[in-house]
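Asker: One predicted model, sequence on top.
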Amino acid sequence: MKASSTLWAIFFVVSSAAGAQVVPSIEGPYYRLPISGTLHYDLRYTQTAQFYDGYTEQMGVASGELAYANTSAVHPLALVYTGGDSWTISGPPNETGVFQHMLVSEGLVRRDWSLKLMDEASYMPQAPVTGFSGIIGVGTLPGEPGYPTQPILTQNLRSVSNTVGPDFTHTIGHATSLDLGGRYSILRFPDGIGLATDSVQANGQMTRRLDARNSLFGQYIYGEFSYPAYPQLTMDTQSALFGYLRTWNRQFKTSVSAGPEWVQTSNNPLVPPSTSLTANANATYALRTSTTATVSYIRGVTGGAGEATEVAIHNDDVSGAITQLFGRRWTVSATGSYMRTQGLALQLDETVATNTELGEVSATRRFGRYFTVFANYTAIQQSSNAGLSANIVNGLSQVVGFGVAYSPRDINLKK
C-alpha cells in the first residue's frame with residue numbers, strides 16, 4: 001500500500017499544480033514554458049476477482065499515466081510513462097506488486113523520408129498477458145480489452161523487458177515507399193523461473209501502390225535469438241513475405257501476406273532446422289465513430305514463450321475485437337482470441353503443443369467530462385498435450401473487474 005499511496009500522491013500533486021495556475025479554457029489550460037506541446041495524465045483504480053483452480057483472489061490496482069508530445073512537425077517527440085501498484089485484498093498473494101512502462105520516441109521528418117528512434121521498457125508482476133500492466137482485468141485503458149502478448153499465459157512470473165530500435169521510411173516517387181526497421185530486445189525474469197531471451201530483428205518492406213485502392217508489397221524479416229541460460233544455443237529465422245493491401249471503401253480495409261520461413265539453430269538435435277509457412281492477415285472495419293471491428297491472423301516462429309522449457313515455438317494466433325458506442329456515454333467492447341503454440345524443441349522425441357482461448361467483454365460509462373466507470377469479464381481456457389509447469393494457467397481461469405478513471409483535458413504547454 002505504501003507504493004500505491006506514493007504513486008497517487010505524485011499524480012494528485014501534478015493535477016493540483018495544473019489546476020492552480022490557470023482557469024481552463026475551451027481548449028484546456030496552457031503554460032508558458034521553454035518547451036511547447038501537450039501534456040496528458042489520467043488516474044485509475046481497478047478491483048478484480050479471479051476464480052481459478054478452486055480458489056478466489058481479490059486484488060486492488062491503482063495506476064496512472066503521464067504523457068507528453070511536442071508540437072514539432074520536423075522533430076516529433078513523445079514521452080509516455082504508465083505505472084501503478086497492485087495488492088491482494090483476499091486470497092493467495094499472486095501477481096501483485098509494482099508495474100511500470102516507459103516509452104520514448106524521437107523522430108526526424110523530411111519531405112520524402114522520416115526516421116524514428118524508440119526505446120520501450122517495462123516491469124510487470126507477471127509475464128505479459130494483456131494491456132500495459134500484464135494484469136488480466138485491468139485492461140489497456142478503462143474498459144478496453146487488450147490482445148494477449150504472451151502465447152503461453154503464466155502467473156507469478158515477474159518480468160523485465162527492454163526494446164530499442166529505429167524505423168526509417170522513404171517515399172520514392174508518387175507510388176512507391178520503402179520501410180526499414182530494426183529492434184534489439186531483452187526479456188528477463190528476476191525470480192529465475194522463466195526463460196531469459198535476447199533477440200535482434202531487422203526488416204525491410206517495399207510497397208507499390210497500384211491505384212487508389214490496391215497496393216502490393218514485399219517484406220523480408222531476419223531474427224536472431226539467444227538464451228543466457230543456454231549459451232551454446234542460438235536460433236536464426238528468415239522470412240520472405242509477399243502481400244496485398246486493399247481498401248474496399250472508407251470503412252473496410254484488408255491486408256494479406258504470406259511466404260516461406262527458414263529456421264536454423266546451433267543445436268540441430270534439440271531444435272532441428274525447418275522450413276514452414278509464415279503468414280499475416282488482418283481486416284479493419286470502422287463506421288464513422290460508432291463501430292470499429294478488427295480480425296487478425298498471425299503464423300510464424302518466435303524465440304520463446306517465457307516458459308523455461310520452450311526455447312523456440314511456432315505460433316498460430318487468431319484474434320478479433322469489436323467496439324460499439326451507444327450515444328455519447330456508453331461503450332461496449334468484446335475481444336476473442338485463439339492461440340496454438342507448437343514447441344520446436346524435441347522433448348522425449350516429441351514437441352509440446354499448447355492451446356489457449358481467451359475472451360473478454362467490457363462496458364464503459366462516462367460521467368461528466370472527466371470521470372469514467374468500467375466493468376469487464378475475462379475467461380481463459382488453456383491446455384497442453386504435456387504436463388504444464390505450476391505457474392502456467394492450466395484449465396479455466398475467470399476474472400471479473402470494475403473500476404473508475406479520472407482523465408482531465410490535455411494541458412497545452414506554450415513557449
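Answerer: Cool, the structure landed.
Asker: mind checking pLDDT for the closest residue to Ser257 other than its chain neighbours?
Answerer: Of all residues not flanking Ser257 in the chain, Gly243 sits nearest, at 2.9 Å (C-beta to C-beta, 6 or more residues apart in numbering). In short, each C-beta sits where N, CA and C put it, glycine included. We note a pLDDT of 98 for Gly243 in this prediction.
Asker: Tell me which helix or strand Gly243 sits in.
Answerer: strand 230-247 (DSSP states H and E).
Asker: which neighbours does that strand have in its sheet, and in what orientation?
Answerer: With DSSP bridges as the test, strand 230-247 is paired with strand 214-227 (antiparallel), strand 252-265 (antiparallel).
Asker: Low-confidence regions, the stretch 301-415 of the chain specifically.
Answerer: In the predicted model, the stretch 301-415 of the chain carries pLDDT under 70 at residues 305-311, 346-351, 386-392, 415.
Asker: Quick one: the strands in it, in order.
Answerer: Secondary structure of the stretch 301-415 of the chain by DSSP state E, counting those that start in this stretch: the strands cover 313-326, 330-343, 353-367, 371-384, 395-406, 411-414.
Asker: still on that earlier bit, buried residues, the strand holding Gly243. List them.
Answerer: Neighbour-count burial for strand 230-247 flags 233-235, 237-239, 241, 243, 245, 247 (criterion: 16 or more other C-beta atoms under 10 Å).
Asker: I'd like those residues laid out as a markdown table, including distance to Val361.
Answerer: Converted to a markdown table, those look like this (distance: C-beta to C-beta, whole Å):
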| residue | distance to Val361 |
| --- | --- |
| Leu233 | 41 |
| Thr234 | 42 |
| Met235 | 38 |
| Thr237 | 36 |
| Gln238 | 40 |
| Ser239 | 35 |
| Leu241 | 33 |
| Gly243 | 32 |
| Leu245 | 31 |
| Thr247 | 30 |
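Asker: Shouldn't Ser72 be within a helix?
Answerer: No - according to DSSP: H, G, I helix; E, B strand; the rest coil, the state of Ser72 is coil, so it is not within a helix.
Asker: Over to it: give its phi and psi.
Answerer: Main-chain dihedrals, Ser72, degrees, to the nearest 10: phi -80, psi 130.
Asker: any idea how far it lies from Glu360?
Answerer: Distance from Ser72 to Glu360, counting by C-beta to C-beta, to the nearest Å: 38 Å.
Asker: neighbour-wise, which of those two wins?
Answerer: The neighbour count for Ser72 versus Glu360, taken as other C-beta atoms under 10 Å, is higher for Glu360 (26 against 13).
Asker: and that one, bridged to which residues?
Answerer: Beta-bridge partners recorded for Glu360 (DSSP bridges): Thr335, Thr378.
Asker: Show me what counts as buried in stretch 192-205.
Answerer: Buried, per 16+ other C-beta under 10 Å, within stretch 192-205: 193-199, 201, 203, 205.
Asker: Tabulate these in TSV, adding columns for secondary structure.
Answerer: Putting those into TSV (three-state DSSP) gives the following:
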residue	secondary structure
Ile193	coil
Gly194	coil
Leu195	coil
Ala196	coil
Thr197	strand
Asp198	strand
Ser199	strand
Gln201	strand
Asn203	strand
Gln205	strand
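Asker: Looking at those residues, which is nearest Arg110?
Answerer: Nearest to Arg110, judged by C-beta to C-beta, of these is Gln205 at 19.4 Å.
Asker: list the contacts for the closest one?
Answerer: Listed by C-beta atoms under 8 Å, 6 or more residues apart in numbering, the contact set of Gln205 reads 178-180, 217-220.
Asker: Show the buried residues in those.
Answerer: Neighbour-count burial (16+ other C-beta under 10 Å) applied to the contacts of Gln205 gives 217, 219.
Asker: who are the neighbours in contact with the residue lying closest to Thr237 once chain neighbours are set aside?
Answerer: Distance criterion C-beta to C-beta, 6+ apart; nearest residue to Thr237, sequence neighbours excluded, is Gly223 at 4.4 Å. When contacts are counted by C-beta under 8 Å, 6+ apart, Gly223 touches 199-201, 236-238, 303.
Asker: Tell me which of those residues has the lowest pLDDT.
Answerer: Gly303 (79).
Asker: Kindly tell me how buried that one is, as a neighbour count.
Answerer: If you count neighbours by other C-beta under 10 Å, Gly303 ends up with 23.
Asker: gap between it and Arg110?
Answerer: Applying C-beta to C-beta to Gly303 and Arg110 gives a distance of 35 Å.
Asker: what do you get for Arg183?
Answerer: Going from Arg183 to Arg110 by C-beta to C-beta gives 23 Å.
Asker: Tell me which of the two has more neighbours.
Answerer: The residue with more neighbours, out of Arg183 and Arg110, is Arg183; 17 against 10, by other C-beta under 10 Å.
Asker: Help me confirm that the more buried one comes into contact with Tyr222.
Answerer: No - if you go by C-beta atoms under 8 Å, Arg183 and Tyr222 don't touch, sitting 10.9 Å apart.
Asker: how much space between Val332 and Phe374?
Answerer: Counting by C-beta to C-beta, the separation of Val332 from Phe374 is 11 Å.
Asker: Look at these two and report which has more neighbours.
Answerer: Between Val332 and Phe374, Phe374 has the larger neighbour count (other C-beta under 10 Å), namely 23 against 14.
Asker: Please name the bridge partners of that one.
Answerer: In this entry, Phe374 is beta-bridged to Thr364, Gly403, by DSSP bridges.
Asker: Was I right to think it contacts Ser407?
Answerer: No - using C-beta under 8 Å, Phe374 makes no contact with Ser407, being 11.7 Å away.
Asker: quick one: buried residues of stretch 158-171?
Answerer: The neighbour-count check on stretch 158-171 (16+ other C-beta under 10 Å) flags 158-159, 161, 163, 165, 167-169 as buried.
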